[in-house]
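Novice: What follows is a predicted protein model with its sequence.
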Amino acid sequence: MYEGPVQDLIDELGQLPGIGPKSAQRIAFYLLAADGGQIDRLLAALQRIKSEVQFCQICGNVSEQPQCRICRDPRRDPAVICVVEEPKDVVAIERTREFRGRYHVLGGAISPIDGVGPDNLRIRELLTRLSDGVVGELILATDPNLEGEATATYLARLIRPMGIAVTRLASGLPVGGDLEYADEVTLGRALVGRRTLE
Ligand SMILES: [Zn+2]
């Protein structure tokens, strides 16, 4: 549609989640009119997420250090691990203030259509964490949609034989959606009312 750099920018923006062609075009023209300072700050922020942010070597959450703030915190209960799909789900559960254990971020959910199987998720790392016998409960807080449920079922079958209690968030969350779309009261209630998977 447009020439050279403008179209390149629209194409790149259009690759971002939730940004359709119209939004990509609107953002591109906004940036075209923006002053140099704003562009520099945006560029610097983009570069810093690559150079300064890493993934926690224990739980897989985003972190500025080899181990994230939650894994480093001795007040967090090491006997309970809450399994989530993405780092943004950690933020959603932290907002409820109902959870004092630790997390494990899978990096997605099982989805055959998207070519994501158990081997593409951080499941091996989870099993390694569970092998020291400290963890007594694993809370499966994957999203309340098809992929999240499939992942929870898979993990429950895998982990229950290890003698660890496996629980799932109570129903009441918006079905089919992302965990992050639930407000903190609803999510907090689902966490407190979690049920053991038989
Ligand atoms: Zn961590």
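Specialist: Now that the structure is in, tell me what you want to look at. The structure displayed is predicted, hence computed values, not measured ones.
Novice: what residues does the chain put near the ion?
Specialist: 56, 58-59, 61, 68, 71 (Cβ under 5 Å from the ion). Bear in mind the C-beta positions are built from the backbone N, C-alpha and C, glycine included.
Novice: Could you tell me which residues make contact with the residue most central in space within the chain?
Specialist: Nearest residue to the geometric centre of the chain (Cα atoms, centre = their mean): E86, 0.9 Å. Contact partners of E86, counting by Cβ atoms under 8 Å, 6 or more residues apart in numbering, are 105, 107-108.
Novice: Restricted to strands, list these.
Specialist: In strands, judged by DSSP state E, the following of the contacts of E86 are found: V105.
Novice: Show me the strands in the chain, by range?
Specialist: Under DSSP E, the chain gives strands at 54-55, 62-63, 80-84, 102-105, 137-140, 165-168, 195-196.
Novice: Packing partners of the longest one?
Specialist: In this structure, strand 80-84 packs against helix 87-96, strand 102-105, helix 123-130, strand 137-140, with contacts taken as 3 or more Cβ pairs under 8 Å, 6 or more residues apart in numbering; DSSP states H and E.
Novice: tell me the angle the first one makes with strand 80-84.
Specialist: By that I understand helix 87-96. Angle, helix 87-96 to strand 80-84, by axes from the mean of the first three to the mean of the last three Cα atoms, to 10 degrees: 130 degrees.
Novice: so which of the strands of the chain comes closest to A45?
Specialist: strand 62-63 (14.2 Å; Cβ to Cβ).
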